[in-house]
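>>> Provided below are the primary sequence and the corresponding predicted coordinates.
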Protein chains: 2
Amino acid sequence: MEDRKQRILRAVTDDYILTGEPVGSRTIARKYLPGVSPATIRNEMADLEEQGYLEQPHASAGRIPSDLGYRYYVDELMEPPSTDPAEVQELREQFLTSRDMERAIRLAGRMLARESRYSSLVMRPTLQRLQLRHVRLAPLDEEHVLLLVVAEPAFVYNRILDWDGPAHPRELEQRSELLTDLLHDFAGQWTRTALESLAAVMPYSTAREQLAEALQELMQERGPDRAYVEGVSYFLEQPEFRNVEMARQVLDDLHNPEVLDRLLMHGQVEQLVVVIGQEQPVMSLRCCSVVMAPYGRGERVLGVVGVIGPRRMDYRRAVRSVQQVASALSQALESMPPTRGGSLPEDR
Amino acid sequence: MEDRKQRILRAVTDDYILTGEPVGSRTIARKYLPGVSPATIRNEMADLEEQGYLEQPHASAGRIPSDLGYRYYVDELMEPPSTDPAEVQELREQFLTSRDMERAIRLAGRMLARESRYSSLVMRPTLQRLQLRHVRLAPLDEEHVLLLVVAEPAFVYNRILDWDGPAHPRELEQRSELLTDLLHDFAGQWTRTALESLAAVMPYSTAREQLAEALQELMQERGPDRAYVEGVSYFLEQPEFRNVEMARQVLDDLHNPEVLDRLLMHGQVEQLVVVIGQEQPVMSLRCCSVVMAPYGRGERVLGVVGVIGPRRMDYRRAVRSVQQVASALSQALESMPPTRGGSLPEDR
DNA sequence: GATTAGCACTCATCGCTGACGAGTGCTAAG
DNA sequence: CTTAGCACTCGTCAGCGATGAGTGCTAATC
């Protein structure tokens, strides 16, 4: 694309993101390309419209970027957002003081929303993506046992089980070890076969059932707590949602686990991704754009953080915030206990 | 108040709740008091307005209830909502399958929102309100120890501590017992004195600091996770929030822990309470009403569940939902482990 | 004395109209 | 290729009258 067309597309996009009003040729000539006349810009804009980068809400209005326009803007025109190492460092420290992964992720969602001033989306890892340390059954009282699942990084899950077997410390310790081994073997997928193997390790039917439920909860991809949204009120700040019915629809969808899962590409995000309008898999959210990035530990992707806002989103700010938070979170997880290299003294 | 005035006030309130439109004399005559002429009703309504029970949005509109009108309606006129024991039973069972208090409360919030079709509010108990069972320090790896706090009903808290002391099982066991005793002694208030006593029980400075943070988290009245709101999109269904700016303000406030705390009367709720409009402590929520009830175990109040909606709320449905959920949740907590009477075998 | 029919009055809502202005596309001149 | 000029489009807004829902008041009725 010729240089001047690019400038104009950038000008339209920047100005529209800034003001929310369709941008006319005069505005561009004045604010962005002094020395070129509005008429020239009009001609160029007509071309850009024909090529599909711009749209006109109605005949006598200015232009706004189309999805394609935004796409070109994000990929080629936008000034690449600079991450500030000091800020990342500070975020990282805040995540570290959360002490464990769950809390850090939760905090990340809140921070991201506040930072970007858009609603934030967060997807937590399932157990499959974590590195299992050990499973432990701790006695609670005569009829109950506490199931603890410890994994890296800094993940502790607990659940109370009705215990219908003998509860000697010996017995529990033994079962714990068997369970740890079993889960290690089946790390990755928890299939029907695995469920059958469970019977061998855990012969007491009530406890077994509840254990299976717990594992289900730990491993299911689409549960109600797998992904959540923070800062919904930022949505209503956007002038495009002055239409309440639309806002309601969007907020409703954002609280639906199925939708969130699809929106976040089932957690299959390898790097920072910008999804613009129609590119969205979720119909009712086609009026929105999403910026998301994976967080993880070393090579391993654990989950996704992102923001969702109107198509007319400040992509630069959004990308910057998401990048910073994802990277700070990853860094924090890197140094969270149980220390990776550390030996694992068995619990006794 | 004379019978006919009551009938009219009830009719206005019922109809306004139903339709959201100011109610005129003709409507009442036709739908609620056939046999009485509109003129008579007009006279009565003029009286009711003078007494402060009704308001007129503008001269040629029908009447709507004032806060006082709603108050009278709720206290005297409304058909008392019947709780359905079968439904409560069913809710109770669902809560029981959540296995622990946290999950049950979370579920209660979701159910309540879905049931009432208003946004639900939930306040969790602090540790002070629970019955401490025991504190336990479990070895994680060479540098970390897992802090577990177990309380009744069905409450398990875990947090990873950096451990700068010796980590022999013996040592940890001993510290656990000392900590359990200390927390038992200071059940109720965790003051500066208690914090000093902590030094005696836990001489390792890093671990002590982090322990203090954990206790702080468990006991603070107004933390970001003490109370939360579920089902915000129900808010936008209400015609009174067609004004987005207002809706935004309200949603924003509902995500502020301070505001939620005040809204839920700091958890000091002894029985079902209806708070109408201006009676609200939070300025910006004066356009809303709240119905809330305590849940707990036996005599002990643990927290509050409630709903918030427009002043023109279906109080009957709201009260019914809140009553049912609060009572089902309480019943579920009653039979959650660790069993109340059960002995407490020390962990070893 | 309470009730009600009748009537004048108020006021929000709606559809229509015309003025306004932002912005365009086209044409012809530079 | 650029640009000045101009006719044209169309959304927005203020003004206007019609409409209708609903009222308060008065006088007649039970």
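Cool, the structure landed. Residues are numbered from 1 along each chain as shown, chains lettered A, B, ... in the order given.
>>> contact residues of chain A facing DNA strand C?
Chain A has residues A:21-27, A:38-39, A:42, A:45-46, A:49, A:56, A:59-63 near DNA strand C, with proximity defined as Cβ under 7 Å from any atom of the strand. For every residue, glycine as well, the C-beta is placed using N, CA and C.
>>> could you rerun that using 10 Å?
A:12, A:15, A:19, A:21-30, A:37-50, A:54, A:56, A:58-63 (Cβ under 10 Å from any atom of the strand).
>>> how many neighbours does the closest residue to DNA strand D within the stretch 151-300 of chain A have?
Closest contact between the stretch 151-300 of chain A and DNA strand D, by Cβ to the nearest atom of the strand, is at residue A:242 (11.2 Å). By the criterion of other Cβ atoms under 10 Å in any protein chain shown, residue A:242 has 13 neighbours.
>>> how far off centre is the lowest-mean-pLDDT helix or strand in chain A?
Lowest on mean pLDDT, DSSP states H and E among the helices and strands of chain A sits helix A:192-201, with a mean of 76. Computed by Cα atoms, centre = their mean, to the nearest Å, the chain-centroid distance of helix A:192-201 equals 33 Å.
>>> the most centrally placed residue in chain A: what secondary structure?
Residue closest to the average C-alpha location in chain A (Cα atoms, centre = their mean): residue A:305, at 2.6 Å. Put simply, residue A:305 is strand when judged by DSSP: H, G, I helix; E, B strand; the rest coil.
>>> verify the stated contact: it with residue A:327.
No. The pair formed by residue A:305 and residue A:327 falls short of the contact definition of Cβ atoms under 8 Å, at 10.2 Å.
>>> against chain B, how distant is the residue lying closest to residue A:197 once chain neighbours are set aside?
Spatial nearest neighbour of residue A:197, chain neighbours left out: residue A:182 (5.9 Å); criterion: Cβ to Cβ, 6 or more residues apart in numbering or on different chains. Distance of residue A:182 to chain B, given as Cβ to the nearest Cβ, to the nearest Å: 21 Å.
>>> before we move on, what about residue A:333?
Residue A:333 is 13 Å from chain B, by Cβ to the nearest Cβ.
>>> which SSE is that residue in?
Using DSSP states H and E, residue A:333 sits within helix A:315-334.
>>> rewinding a little: and for residue A:305 and residue A:327, which residues touch both?
residue A:295 (Cβ atoms under 8 Å, 6 or more residues apart in numbering or on different chains).
>>> what is the mean pLDDT for the helix holding residue A:333?
Averaging pLDDT along helix A:315-334 gives 97.
>>> buried ones in that helix, by neighbour count?
Neighbour counts using 16 or more other Cβ atoms under 10 Å in any protein chain shown place A:315-333 of helix A:315-334 among the buried residues.
>>> repeat for stretch A:98-117
A:98-101, A:103-109, A:111-113, A:115-117.
>>> which residues in the stretch 201-348 of chain A form strands?
A:227-230, A:273-276, A:288-297, A:300-310 (DSSP state E, counting those that start in this stretch).
>>> off-centre distance for the last one?
When you say that, I think you mean strand A:300-310. Relative to its chain's centre, strand A:300-310 lies at 2 Å (Cα atoms, centre = their mean).
>>> equivalent analysis for stretch A:118-129, please.
On Cα atoms, centre = their mean, the centre of stretch A:118-129 falls 5 Å from that of its chain.
>>> start to end distance for it?
28 Å (Cα to Cα, to the nearest Å).
>>> just the buried residues of the residues of chain A next to DNA strand C.
Buried among the residues of chain A next to DNA strand C (16+ other Cβ under 10 Å): A:12, A:15, A:22-25, A:27-29, A:38, A:41-42, A:44-45, A:48, A:54, A:62-63.
>>> next step: those residues restricted to helices.
A:12, A:15, A:25, A:27-29, A:38, A:41-42, A:44-45, A:48 (DSSP state H).
>>> rebuild the residues you listed as CSV, extending it with distance to residue A:160 and pLDDT.
Below are those laid out as CSV (distance: Cβ to Cβ, whole Å; pLDDT from 0 to 100):
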residue, distance to residue A:160, pLDDT
A:12, 59, 97
A:15, 58, 96
A:25, 68, 95
A:27, 64, 95
A:28, 64, 96
A:29, 69, 95
A:38, 71, 94
A:41, 68, 96
A:42, 70, 95
A:44, 68, 95
A:45, 65, 96
A:48, 62, 96
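>>> need those in CSV with distance to residue A:164, can you?
Listed next are these as CSV, based on distance: Cβ to Cβ, whole Å:
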residue, distance to residue A:164
A:12, 68
A:15, 68
A:25, 78
A:27, 74
A:28, 75
A:29, 80
A:38, 81
A:41, 78
A:42, 79
A:44, 77
A:45, 74
A:48, 71
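>>> which residue is the nearest non-sequential neighbour of residue A:237?
Closest residue to residue A:237 apart from its sequence neighbours, by Cβ to Cβ, 6+ apart: residue B:248 at 6.2 Å.
>>> tell me how many other residues crowd that neighbour.
Residues near residue B:248, counting by other Cβ under 10 Å, number 20.
>>> picking that back up, from the buried residues of stretch A:98-117, which ones fall inside helices?
A:101, A:103-109, A:111-113, A:115-116.
>>> contact partners for the one residue in chain A that gets nearest to DNA strand C?
Here chain A gets closest to DNA strand C at one residue, residue A:24, 2.8 Å apart by Cβ to the nearest atom of the strand. Counting by Cβ under 8 Å, 6+ apart, residue A:24 touches A:38, A:61-63.
>>> nearest to residue B:298, of those?
Closest approach between the contacts of residue A:24 and residue B:298, by Cβ to Cβ: residue A:61, at 66.5 Å.
>>> my guess is that closest one contacts residue A:22. True?
Yes. Assessed by Cβ under 8 Å, residue A:61 is found in contact with residue A:22 at 4.5 Å.
>>> thought residue A:11 was touching residue A:26?
No. Judged on Cβ under 8 Å, residue A:11 makes no contact with residue A:26 at a distance of 11.9 Å.
>>> give the contact list for the closest residue to residue A:82 other than its chain neighbours.
Of all residues not flanking residue A:82 in the chain, residue A:320 sits nearest, at 7.3 Å (Cβ to Cβ, 6+ apart). For residue A:320, the contacting residues are A:81-83, by Cβ under 8 Å, 6+ apart.
>>> mind putting those residues into CSV with neighbour count, secondary structure and pLDDT?
Shown next, in CSV, are the contacts of residue A:320 (neighbours: other Cβ atoms under 10 Å in any protein chain shown; DSSP: H, G, I helix; E, B strand; the rest coil; pLDDT from 0 to 100):
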residue, neighbour count, secondary structure, pLDDT
A:81, 17, coil, 95
A:82, 10, coil, 93
A:83, 15, coil, 93
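>>> distance of residue A:83 relative to residue B:221?
37 Å (Cβ to Cβ, to the nearest Å).
>>> helices of the stretch 101-250 of chain A, start to end?
A:101-116, A:169-185, A:192-201, A:205-219, A:233-237, A:244-254 (DSSP state H, counting those that start in this stretch).
>>> for the stretch 101-250 of chain A, what lies in contact range of chain B?
A:110, A:133, A:136, A:138-144, A:146, A:148, A:150, A:154, A:156, A:158-162, A:169, A:210, A:224, A:231-233, A:236-237, A:241-242, A:244, A:247-248 (Cβ under 8 Å from any Cβ of the partner chain).
>>> buried ones only from those, please, as a ChimeraX command.
The buried residues among those can be selected in ChimeraX (16+ other Cβ under 10 Å) with this line:
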select /A:133,136,138,139,140,141,144,146,148,150,154,156,158,159,160,161,210,231,232,233,236,241,244,247,248
